[in-house]
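J.: kindly return the folded structure for what I paste below:
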Amino acid sequence: MALLPLLSMVSSFLFLSSMAELPMLEHPLKSDGSLSLLVIGDWGRKGTFNQTLVAAQMGRIGESLDIDFVVSTGDNFYEEGLTGIDDKEFEESFTNIYAAESLQKQWYSVLGNHDYRGDVLAQLSPVLRQIDRRWLCLRSFVLNAEIVDFFFVDTTPFVEHYWDNPKGHHYDWRGVAPRETYISNLVKDLDLALKESPARWKVVVGHHTIRSASVHGDTIELQLLLLPILKENGVDFYVNGHDHCLEHISSNDCPLQFLTSGGGSKAWRGILNSVSDKLEFFYDGQGFMSLQLTKTQAHVVFYDAFGNALHKQAITKQFHSQI
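T.: Below is the predicted model of the structure:
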């Protein structure tokens, strides 16, 4: 029930409805029917590890693209999430860093594994919106923008070894235990929401990788439980963080594209592994991603910490109007 007071405080352009059992929010398109956004992940380090530099370039690119909102792929606050709703790291790692005018838009966020090491309910709390109205973080939800549906998925509970307290880390499982029940319900709800979606584009956002050539590599639990649903329901993009890099991998057997934007701060792992699908682009450093959408085209661009465009991909869909 913690979702209800949060959603009641959302800005006037958001509306609560339902798609399957997942909360649904709405965001308007531009007057020309297009949508543009930035994607950043693995960032919250009080400006260190080039977080401030990346944020500055996000502001510059955000202005040039006239972005509508920002997506965060999780690991919002390092190393141990937030300690509570009064934790100053929220302002030190978010409000004070992403200060550019173009970034004063809604931020839609999911939780990462580092966020689960702290007070998860604090990140989900409507109190944070009183500190910074841009902030909106839910476990899993659907964001509808007419031509596109974004399906935000809480992926941390999928990963089994977190439940064994690896390396002595505490994880805040309030609201998600028992694991099997939570995952079963989430997978069922996501599958139904995808099937019900009439959107031209379908984008799934999670923290953990499904395909990755970097340190963490493929997440087995997501391959087994999530990937078949994405393929079955014609998802166009799976967008994630977790690996601290930028990468684009295209599926060999369907149109699904795997996009990693986890370069918000600490990066440069120095590892590049082989992948079973086609590796289109890989960059081991800091940066972020933009996504521009119309009814017929999607444009993906990856940028480094200096705002240089490192990789571009355009995807076209035929549009048949209904008479």
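J.: name the residues that touch stretch 80-100?
T.: The contact list for stretch 80-100, computed with CB atoms under 8 Å, 6 or more residues apart in numbering, reads 43-47, 51-52, 55-56, 58-60, 62-63, 70, 76-78, 107, 114-120, 122-123, 125, 127-128, 131-132, 135, 172. In this view, the C-beta of every residue, glycine as well, is placed from N, C-alpha and C.
J.: now, which of those lie within helices?
T.: With helices taken from DSSP state H, the overlap with those comprises 51-52, 55-56, 58-60, 62-63, 120, 122-123, 127-128, 131.
J.: please pick the buried ones from those.
T.: Among the ones in helices among the contacts of stretch 80-100, the ones that count as buried by 16 or more other CB atoms under 10 Å are 51, 52, 55, 56, 58, 59, 62, 120, 122, 123, 128.
J.: would you turn these into a markdown table with distance to residue 234?
T.: As requested, these are arranged in a markdown table below (distance: CB to CB, whole Å):
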| residue | distance to residue 234 |
| --- | --- |
| 51 | 35 |
| 52 | 39 |
| 55 | 34 |
| 56 | 37 |
| 58 | 30 |
| 59 | 34 |
| 62 | 29 |
| 120 | 32 |
| 122 | 36 |
| 123 | 31 |
| 128 | 35 |
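J.: with pLDDT and distance to residue 34 added, can I get the residues you listed in CSV?
T.: Output for those, formatted as CSV (pLDDT from 0 to 100; distance: CB to CB, whole Å):
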residue, pLDDT, distance to residue 34
51, 98, 29
52, 98, 30
55, 98, 24
56, 98, 25
58, 98, 19
59, 98, 20
62, 98, 15
120, 98, 35
122, 98, 35
123, 97, 30
128, 98, 30
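J.: what's the closest of these to residue 317?
T.: Residue 317 lies nearest to residue 62 out of these, by CB to CB, at 25.2 Å.
J.: isn't the closest one up against residue 38?
T.: Yes: Residue 62 is within contact range of residue 38, at 5.7 Å (criterion: CB atoms under 8 Å).
J.: spit out the residues that contact the two alike.
T.: By CB under 8 Å, 6+ apart, residue 62 and residue 38 have these common neighbours: 70, 103.
J.: counting neighbours, what do you get for the residue nearest to residue 202 when sequence neighbours are not counted?
T.: Nearest residue to residue 202 in three dimensions, chain neighbours excluded: residue 235, at 4.7 Å (CB to CB, 6 or more residues apart in numbering). The tally of other residues near residue 235 (other CB atoms under 10 Å) stands at 24.
J.: can you pull the contacts of residue 235?
T.: Counting by CB under 8 Å, 6+ apart, residue 235 makes contact with 151, 194, 202, 203, 204, 256.
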